[in-house]
Every structure is written in structure tokens, then in C-alpha cells.
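*Asks:* Sequence first, predicted coordinates after that:
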Amino acid sequence: MTVAFFSGKGRRIGVALGAVSAGLLVLSACDKPTPLATVTVGDNSVSAEASCYNDGKALKESDIQGCLNKKAEKTVKAAMDDKVRFGVDPEVADNGWTLFINGQQAEQEPYKKTYRSIPGSAFFSSQTGETTKSTQISIVETDGKKLTGIWHFKLEKSD
């Protein structure tokens, strides 16, 4: 003789609680994604998560140069007369962000808006006046004097 330990309703509640518990366990194992940065030229757009990010806290001084030297995984093509548009998440804009070109800081003051547009010609001239075929652009989030995030993009000159 068998006796049902749980009624049909009790089994359904137990299964539902088990599913919720498993879902919460899976979610707790996920890392929070880093904010996105986007580069757009014409109708071509690429977005990337940060190469280096510490949940909005300052990056370690010892890690910064290595982070700035990482190679970009995302590439977008631009002509000299194209507008290159940069966009960041609002939380990045709240702190401020600057552009680095080939690992060198290109501007002194952080920008505090989520979007900006710069002519493509600004990225393809070397210091000697010669044009280059590609440039690594890094978007660097700052919080005062501290760097908190770095995103990399490769800008290739199109004919």
C-alpha cells in the first residue's frame, strides 16, 4: 500500500520553489556586465565591454599601463572626412571620460556627456604629419585623477 506524502498542490509548490531557487543560484553566479562603449561611423557601429574595469572603482596603478597597451578587438573603418561618433553609458559620463590615441592621452579635461562626434581626420595624422592606416582609440573613464575603466577600438582608414 502506498501513501501519498504530498498532495498535487504541494508537489507543484515544491517544484516551483525548486525552480526559483535554481534560477537565483544561476543568476548569482553571473558577473555584472561592464558598461558599454560604442563607436559609430556612418551606419557601421561597434560596441564593446571594458577591457579593464573594476566595478567603477579605481584600477590598480600597476595594471593601468598593461590595460592601455591591450589590443582592440573591435574594428570600424572610417574615411578622413567621416564623422566618428563615440557613445558611453550614462554612468561613465557621470564620472567623465577621455580619449587616448595609440596609448597617449589626447585631451586634458574629461568629457561629461554620453555622446560626442569628432572628424575622422583627427585620428589618421601622426605627429610627423604623415597619415596612418590605423589607430587604436581608447575610451578611458576617469573619476577625478583615477582611471576606472578602459575600452579599446581600432579605427582603420578606408579609401
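*Replies:* Great, that's in hand.
*Asks:* so how far is Ser138 from the residue nearest to the spatial centre of the chain?
*Replies:* Closest residue to the average C-alpha location of the chain: Glu49 at 3.0 Å, with C-alpha atoms, centre = their mean. Applying C-beta to C-beta, to the nearest Å, the value for Glu49 to Ser138 is 14 Å. C-beta here means a position set from N, CA and C on the backbone, and glycine is covered the same way.
*Asks:* okay, and the common contacts of these two?
*Replies:* Trp151 (C-beta atoms under 8 Å, 6 or more residues apart in numbering).
*Asks:* residues contacting the residue nearest to the centre of the chain?
*Replies:* 33-36, 151.
*Asks:* All the strands of this protein, residue numbers only.
*Replies:* All strands of the chain, identified by DSSP state E, fall at 36-41, 44-49, 52-53, 75-78, 83-88, 97-101, 104-105, 115-119, 134-143, 146-157.
*Asks:* Can you list the buried residues in the first one?
*Replies:* Under the neighbour-count criterion of 16 or more other C-beta atoms under 10 Å, strand 36-41 has 37-41 buried.
*Asks:* name the helices or strands packed onto it?
*Replies:* strand 44-49, strand 75-78, strand 83-88, strand 146-157 (3 or more C-beta pairs under 8 Å, 6 or more residues apart in numbering; DSSP states H and E).
*Asks:* repeat that with 6 Å
*Replies:* When contacts are defined as 3 or more C-beta pairs under 6 Å, 6 or more residues apart in numbering; DSSP states H and E, strand 36-41 packs onto strand 44-49, strand 75-78, strand 83-88.
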